[in-house]
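Participant: Let me see the structure of the following:
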Amino acid sequence: MALQIYRFYRQMAVLGIVLLLLIGTISVVSICGRALIGIGLKPIPGDFELVEIGAAIAIFCFLPWTHLKRSHAVVDLFWGRLPHYLKRFLMILSDLLMLLVWSLLIWRMGVATAEYFDNGETSFILLIPVWYGYSSAMVVGSIGLFAYFWKLIETLGYVSGPVEYLQEHAEGHGHG
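Facilitator: Numbering: from 1, shown residues only. All right, here's what the predicted structure looks like:
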């Protein structure tokens, strides 16, 4: 089961890549349109609105995979010198904090989604209801919530991570 979970979140990260390529293309086309107004081209209307929504969703696609792989930015200055029990404690604590912060984020996005739904606010150019972006990111983030839970129970030793991924990071923070 662990292998399927890791593969699923890796595919979510690939979806994030596709979204970033799409919004990057939108930005390039729009910038070129602005630069070439003199020859009849135009920017894409609402390009920044589309980039904003796409970037939020892409980030929520990437972060669970990053957490499962323990690829967040860390300070290695003292890590190698810490005793095993302290490393384990810090990993459990960080996994628990990440789960709590992610849960809080999803909850607050739910509150914001409901508020934007109720007040009917729309984006300035495309008139997209603001709650569309919040709810889309919240759904993807909610799917990602399980990755944070899984990593915590993995670190606690209740489940094992897939061997393919554990071997990749045998020298990393999770196994020092």
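Participant: Going by C-alpha atoms from here, please, whenever you check contacts or count neighbours.
Facilitator: Fine.
Participant: so where is this structure shaky, pLDDT-wise?
Facilitator: Within the chain, the ranges that satisfy pLDDT under 70 run 166-176.
Participant: Let me see the ranges of the helices in it.
Facilitator: For the chain, applying DSSP state H gives helices covering 2-35, 47-68, 84-119, 130-155, 163-168.
Participant: Which one of those lies nearest to Leu41?
Facilitator: Evaluated over the helices of the chain, closeness to Leu41 peaks at helix 2-35, with 4.9 Å, by Cα to Cα.
Participant: Next, the buried residues of the closest one.
Facilitator: Judged by neighbour count using 16 or more other Cα atoms under 10 Å, the buried positions of helix 2-35 are 5-6, 9-10, 12-17, 19-20, 22-23, 26-27, 29-30, 33.
Participant: same question, stretch 82-89
Facilitator: For stretch 82-89, burial by neighbour count (16+ other Cα under 10 Å) applies to 87-88.
Participant: and what of stretch 108-127?
Facilitator: The neighbour-count check on stretch 108-127 (16+ other Cα under 10 Å) flags 109-110, 112-113, 116-117 as buried.
Participant: residues in contact with it?
Facilitator: Stretch 108-127 is contacted from outside by 45-46, 49, 128-132, 134-135, 138, using Cα atoms under 8 Å, 6 or more residues apart in numbering.
Participant: Repeat the analysis, applying 6 Å as the threshold.
Facilitator: 46, 128-131, 134-135 (Cα atoms under 6 Å, 6 or more residues apart in numbering).
Participant: with these in mind, which one is nearest to Val75?
Facilitator: Distance to Val75 across those (Cα to Cα) is lowest for Tyr134, with 32.4 Å.
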